[in-house]
Structure formats: C-alpha cells, structure tokens
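**Q** Turn this into a structure:
(4 chains)
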2 protein chains.
Amino acid sequence: MKQLFGTHEHRLDAKGRVSVPAAFRNAWKDVPDMTIVLRPSLIAGCVEGWPMPAYAKYEQELAAMAETDPNRQGWATKIYSDAVELELDGQGRIAIPDHLAAEAGLGEVVCFLGRGSHFHIWAPDGAKVFLEATRALAPKLTFGAPPA
Amino acid sequence: MKQLFGTHEHRLDAKGRVSVPAAFRNAWKDVPDMTIVLRPSLIAGCVEGWPMPAYAKYEQELAAMAETDPNRQGWATKIYSDAVELELDGQGRIAIPDHLAAEAGLGEVVCFLGRGSHFHIWAPDGAKVFLEATRALAPKLTFGAPPA
DNA sequence: AGAAATCCCATGATTTCCCATAAAGTGGGG
DNA sequence: CCCCACTTTATGGGAAATCATGGGATTTCT
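**A** Numbers count the residues shown, from 1 in each chain, chains lettered A, B, ... in the order given. Below is the predicted model of the structure:
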C-alpha cells in the first residue's frame, strides 16, 4: 500500500458526497474491494480516514490487549463504535455521515491532507491553521534567495 | 541507487513540465515504477526532489517517533501533506505543481542541483546564491596551485 | 407513498499520453 | 582527424483519457 501525499480541496455536493482525491485512490488501486474507515480524529477538529488495510494495525493493537484490560473498552469504542466503514461509489466519492461532518465543522469545501498511512478531512480554515501550527514544530534553515 | 550529480538548467513549458536531467534518470533507470517526491525544501527557497526509495529515510524517522510526540505531526505535515508524489512522463518530464513553483519563485528556467540522495530545483538566481554561500562553508586547502 | 440512499450518465476542465522535431552527443570508418 | 549515420535529449503541441462534479432515474426502506 502506497503512502498518501499532498493536500487537496474538494467540494461536498448537495447529497453530502465528496470525491476522494485521485492521488489517494491510485495508492490503493490494486487492492480489491477497498473500503475506507472514517472516524473523529484524536486531533480535535477533523475527520480521519483510513484505507482498510492500514486500519488493521489498530485491530492488532487491540487484539494484543488482555480481555480484562480496562483500556480495551475505550479503544474498542474509538476504533469501532465511533467509526464508519464506507465504500467509494462508481465515481470515486464517499458520503461523509452527518455526525462526523458536523463534529469537524465541515462546510461545502473540504480539505484532504495526506498523512502517509491515512488522511485528514478538514474545513479549509482548520486545515490552514493545523498545517501552519505543525510546520512550526521544526526549524527552517535559510540560504540564498528568499521565496518570491 | 546511484548518487545524483551536477548542475543542470532546464526550461519549464507552458504546461508546467520540465525534463528531469538525463544524468538523474540514468541513476535510477533500473528501479521499476520509479516515482519522485517533491516538497518545499527545509532550506527555504527551493523545491526538493527525492527518488522514492531514498524518501524512505523520512518515513523511518517518522515511524520511530512516539504516537504522542507532538513533533510527529510536524514531520507528517512536512513529509506528506506538503509533498507530492509524481511519475515521469514518457519523455522523462515531471509537472511541477503550481503552489510549489510559486513558493520557490520558479520562472521559465529552472536549475537542478544534484545533492547525492536527492536534488534541488531553484530559480537560476537562487541557485547561484545558494551555491556560492554553501561553497564558502567548506574549507579549502591550498597546495602548489598558483593564486588566481 | 414518501424519503433516502444508490446507481448511472453527462459534462467541462484538467491532465496525461503520444507523436514530432531539433539540437546535441556517440561511435565507426576512411 | 574529419565526416556521416545513429542515438539520446530536451522541448513543443494535439489528441485522448481522467477527474471532479452535477443531476436524473431507479431502488430500498419504512
């Protein structure tokens, strides 16, 4: 499974559908019966989307926990109960469920961020703030001409 | 994977395409399904290009960070969200996305600098300044050769 | 039957593919 | 050493495929 790159803005139509960026779809084009898991992000303010094969990693972590571990129920809630599994339609779109869209404050335009194994869906403003805040976490060296 | 050498000027066409220097393409001609990752350089002012196999170094760095480490989000933004994965067309060209070209101030002529594992894409002036500034950072030994 | 979800087709814009050409580099023979 | 044929490179442009998006028709559920 290839990694997910880039930021892509797309438009939610009247039926709540959005095109998943072609760049993402190409990353899993050889996986048969591909599905996407959507759930509220642990980072507030966005929806997280996982290609099913990558989501298996969470399932393994859960399986590794003892049946009696009290954290287990918390994990199971986040991984399963709060999540939805979706298929893409014939045009490569998904329909974002209302409760997820509302929780993330999504409007007509949404912004997909590739995060390697998975992706984020933000309202455009939220994406901008998030990108700038996270970029600032590492220093930047400057040589030569400043950007125009 | 061979190292990338040299300085090469090429021309962006009306569709935003540039030929990747043949010297670079030859370095990875035996890698199947080769792709290039472009992203804003951590050094301001240029676009950085990475042959996919070499980019794995960043992916490993990210994987080594704890899930809870705040720097992890910073890296994921720089490595994935700010980056694009591209293929070469049949003529060995890549299409540089507008936002990357704009951020690096690229005009019609761009300058490729081999950097071993990866390469830089600069506007010609930026490349000149960068090369001179960085040359000055390396010590120079003098033996025998007459001063100019 | 009515509401909602799903399937399918349509369309304009963009991107990719493929062919063409000119310049430059390569090698061999005389 | 020079010239010629051939290959590789860089670049341009038109045709074809893909993408994002909208909307109608059909099905499903209650």
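**Q** okay, now A:Pro53: neighbour count?
**A** 13 (other C-beta atoms under 10 Å in any protein chain shown). For the C-beta atoms, the positions are set from N, CA and C on the backbone; glycine is no exception.
**Q** That one: helix or strand, and which one exactly?
**A** Using DSSP states H and E, A:Pro53 falls within helix A:52-64.
**Q** just A:Trp50 next, same as before
**A** Using DSSP H and E, A:Trp50 falls in strand A:47-51.
**Q** Okay, buried residues for that strand please.
**A** Counting neighbours by 16 or more other C-beta atoms under 10 Å in any protein chain shown, one finds that the buried residues in strand A:47-51 are A:Val47, A:Glu48, A:Gly49, A:Trp50, A:Pro51.
**Q** At the contact with DNA strand D, which residues of chain A appear?
**A** A:8-11, A:13-15, A:18-23, A:25-26, A:91-93 (C-beta under 7 Å from any atom of the strand).
**Q** that older thread, the strand holding A:Trp50 near chain B anywhere?
**A** No: if you take C-beta under 8 Å from any C-beta of the partner chain as the test, strand A:47-51 misses chain B, and the best it gets is 12.1 Å.
**Q** What's the mean pLDDT across that strand?
**A** Summarised as a single mean, pLDDT over strand A:47-51 is 96.
**Q** now the angle from it to helix A:52-64?
**A** Note on geometry: by axes from the mean of the first three to the mean of the last three C-alpha atoms, to 10 degrees, strand A:47-51 and helix A:52-64 are set 100 degrees apart in direction.
**Q** Partner strands of strand A:47-51 and their direction?
**A** strand A:36-40 (antiparallel), strand A:119-122 (antiparallel) (DSSP bridges).
**Q** For stretch A:108-125, buried residues please.
**A** For stretch A:108-125, using 16+ other C-beta under 10 Å, the buried residues are A:110-123.
**Q** As a markdown table, those residues with secondary structure, pLDDT and distance to B:Ser81 would be great.
**A** Listed next are those as a markdown table, based on DSSP: H, G, I helix; E, B strand; the rest coil; pLDDT from 0 to 100; distance: C-beta to C-beta, whole Å:
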| residue | secondary structure | pLDDT | distance to B:Ser81 |
| --- | --- | --- | --- |
| A:Val110 | strand | 97 | 14 |
| A:Cys111 | strand | 98 | 10 |
| A:Phe112 | strand | 98 | 9 |
| A:Leu113 | strand | 98 | 4 |
| A:Gly114 | strand | 98 | 6 |
| A:Arg115 | coil | 97 | 7 |
| A:Gly116 | strand | 96 | 9 |
| A:Ser117 | coil | 95 | 13 |
| A:His118 | coil | 96 | 12 |
| A:Phe119 | strand | 97 | 9 |
| A:His120 | strand | 98 | 8 |
| A:Ile121 | strand | 97 | 12 |
| A:Trp122 | strand | 97 | 10 |
| A:Ala123 | coil | 97 | 15 |
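**Q** No more questions from me, cheers.
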